[in-house]
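J.: Here is a sequence with its predicted model. Questions after.
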Amino acid sequence: QVQLVESGGGLVQAGGSLRLSCEVSGGAVSMNIMGWFRQAPGKEREFVASISRSGDRINYADSVKGRFTVSTDNAKKTVYLQMNVLKPEDTAIYFCAADSRVFLFNYPSTGAFRYWGQGTQVTVSS
């Protein structure tokens, strides 16, 4: 059974940085794409970033381009989201997601990932 566990969330001031981690177990080798999504209170879940297992296909939401960096460490079965220059509007619960289906390389923002973590809270104060 595939399990995803996020960590690294917390409270940070605007302009600060956080690094989120997502460790995959129980089938990590077959996960070809990993994604990060977030959901703010009262809002729908939105796509943040995605990365292929090889690391050669990366996508970002326009709202985070230039500030967030997604990376993967296959040896550790972990995907990271480095978040810099954080803004209050980045406040949300951040979820990682995983899937083996390669069609998601072209449609990561659809959120059609089969496996999800429980989420980690990120709060950015102004």
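T.: Yep, that arrived.
J.: How about the contacts made by the residue nearest to the spatial centre of the chain?
T.: Geometric centre of the chain, nearest residue: Trp36, 2.1 Å, by CA atoms, centre = their mean. Taking CB atoms under 8 Å, 6 or more residues apart in numbering, we find Trp36 in contact with 20, 22, 48-50, 70, 79, 81, 94-97. Every C-beta, even on glycine, is put in place using the N, C-alpha and C of the backbone.
J.: what bits of this protein have low per-residue confidence?
T.: Within the chain, the stretches with pLDDT under 70 are 28.
J.: Strands along that one, start to end?
T.: Ranges of strands in the chain, per DSSP state E, are 3-7, 10-13, 18-25, 33-39, 46-52, 58-60, 68-73, 78-83, 92-99, 115-116, 120-125.
J.: wait, which of these is closest to Asn106?
T.: Shortest distance between Asn106 and the strands of the chain, using CB to CB, is found for strand 58-60: 9.3 Å.
J.: got the buried residues for that closest one?
T.: 59-60 (16 or more other CB atoms under 10 Å).
J.: got a list of contacts for that strand?
T.: By CB under 8 Å, 6+ apart, the list of residues contacting strand 58-60 reads 48-52, 68, 70, 108-109.
J.: Tabulate the residues you listed (a markdown table), appending distance to Glu89.
T.: Below are the contacts of strand 58-60 laid out as a markdown table (distance: CB to CB, whole Å):
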| residue | distance to Glu89 |
| --- | --- |
| Val48 | 12 |
| Ala49 | 16 |
| Ser50 | 20 |
| Ile51 | 23 |
| Ser52 | 28 |
| Phe68 | 13 |
| Val70 | 19 |
| Pro108 | 21 |
| Ser109 | 18 |
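J.: out of those, who's nearest Lys87?
T.: Nearest to Lys87 out of those is Phe68 (CB to CB; 11.1 Å).
J.: how many other residues sit next to the nearest residue to the residue nearest to the centre of the chain once chain neighbours are set aside?
T.: Excluding its sequence neighbours, the residue lying closest to Trp36 (CB to CB, 6 or more residues apart in numbering) is Val48, at 4.2 Å. A total of 26 residues lie near Val48 under the criterion other CB atoms under 10 Å.
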